[in-house]
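Undergrad: what shape does this take:
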Amino acid sequence: MITEVTLRKRMMEFKEAFQAGIDGIVKASEIYVSALDENPKNADVFRDEFEDYIPSSAWSGFEAVGRKWMHPRLLMGGVADRKKNNAIKKLSYSTQERVFAHERFELLTSDGEKLNVDLLEVTGDQADQLCDGTKIRNISEQRAWLESQKSKNAGDDAELLPYVISGGKITFRRGVSLTKVELKRLLMEV
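TA: The predicted structure follows:
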């Protein structure tokens with residue numbers, strides 16, 4: 001049976017070896033980019049040479065890491081939640097570094113409270129609120145995003161009605177029955 005001390009030692013050894021692997025991938029990515037900068041056709045040479053080891057879909061990731069467009073932890077699937085992973089990938093490299101350094105960002109809640117959160121610990125929807133595709137949204141941008149989400153959700157509620165009003169006409173869905181009060185309200189809307 002492994003003791004707690006032995007387990008901790010193995011975990012530290014694993015972490016060091018894994019970090020060395022990531023560092024190796026970064027170095028390999030930089031070499032690949034250097035070869036691409038010399039001649040873009042070298043991409044095909046690399047793919048052909050390493051086709052037994054590296055899937056062809058991985059090369060764009062190596063280029064992104066080598067050019068510092070993407071943090072290497074994203075190449076390794078460093079974020080389990082796909083929605084968060086995609087949101088972080090779209091951020092600038094310097095912001096990605098801040099995210100993986102566990103920097104905290106302000107998040108506006110629906111009741112107006114401000115929380116300092118680690119982007120790696122938020123939900124996918126909160127990541128969408130924080131990230132606009134290129135940067136971290138500030139509080140006023142988040143407020144606008146939350147309002148736009150409310151508008152979208154209000155539009156979804158309208159679709160649940162048994163009818164649609166458009167162009168001065170009422171179109172009913174199948175199997176609609178209305179009370180007198182509902183019909184009166186409906187006629188007032190038109």
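
Undergrad: now do the domain split for the protein, please.
TA: When the chain is parsed with automatic domain parsing, its domains come out as 1-78, 80-157, 160-189.

Undergrad: ranges for the strands of this structure?
TA: 104-108, 114-118, 163-166, 169-172 (DSSP state E).

Undergrad: tell me where the model's unsure across the chain.
TA: Scanning the chain for pLDDT under 70 picks out 153-161, 190.

Undergrad: hmm, 50 instead?
TA: For the chain, residues meeting the criterion pLDDT under 50 lie at 158.

Undergrad: returning to that earlier point: export the strands of the chain to a markdown table and tack on distance to Leu178 and mean neighbour count?
TA: Bear in mind the C-beta positions are built from the backbone N, C-alpha and C, glycine included. Output for the strands of the chain, formatted as a markdown table (distance: least, Cβ to Cβ, whole Å; neighbours: other Cβ atoms under 10 Å):
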| stretch | distance to Leu178 | mean neighbour count |
| --- | --- | --- |
| strand 104-108 | 40 | 17 |
| strand 114-118 | 44 | 12 |
| strand 163-166 | 8 | 12 |
| strand 169-172 | 9 | 10 |
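
Undergrad: Asp23 is nearest to which of the ones you listed?
TA: strand 114-118 (23.6 Å; Cβ to Cβ).

Undergrad: just the angle between that closest one and strand 104-108, please?
TA: Relative orientation of strand 114-118 versus strand 104-108 (axes from the mean of the first three to the mean of the last three Cα atoms, to 10 degrees): 140 degrees.

Undergrad: packing partners of strand 114-118?
TA: strand 104-108 (3 or more Cβ pairs under 8 Å, 6 or more residues apart in numbering; DSSP states H and E).

Undergrad: which residues sit against the strand it packs on?
TA: Contact with strand 104-108 is made by 114-119, 122, 126, 129-130, 136, 138-139, 142-143, 146, as judged by Cβ atoms under 8 Å, 6 or more residues apart in numbering.

Undergrad: ok, which pair from those is furthest apart?
TA: It's Asp118 and Arg143 that sit farthest apart of these, by Cβ to Cβ, at 21.1 Å.

Undergrad: can you show me the helices along the chain?
TA: Using DSSP state H, the helices of the chain run over 4-38, 42-49, 59-66, 72-75, 82-89, 93-100, 124-130, 139-159, 180-189.

Undergrad: contact partners of the shortest one?
TA: With Cβ under 8 Å, 6+ apart as the contact definition, helix 72-75 has outside contacts at 22, 25-26, 29, 61-62, 64-65, 79, 85, 88-89, 96, 100.
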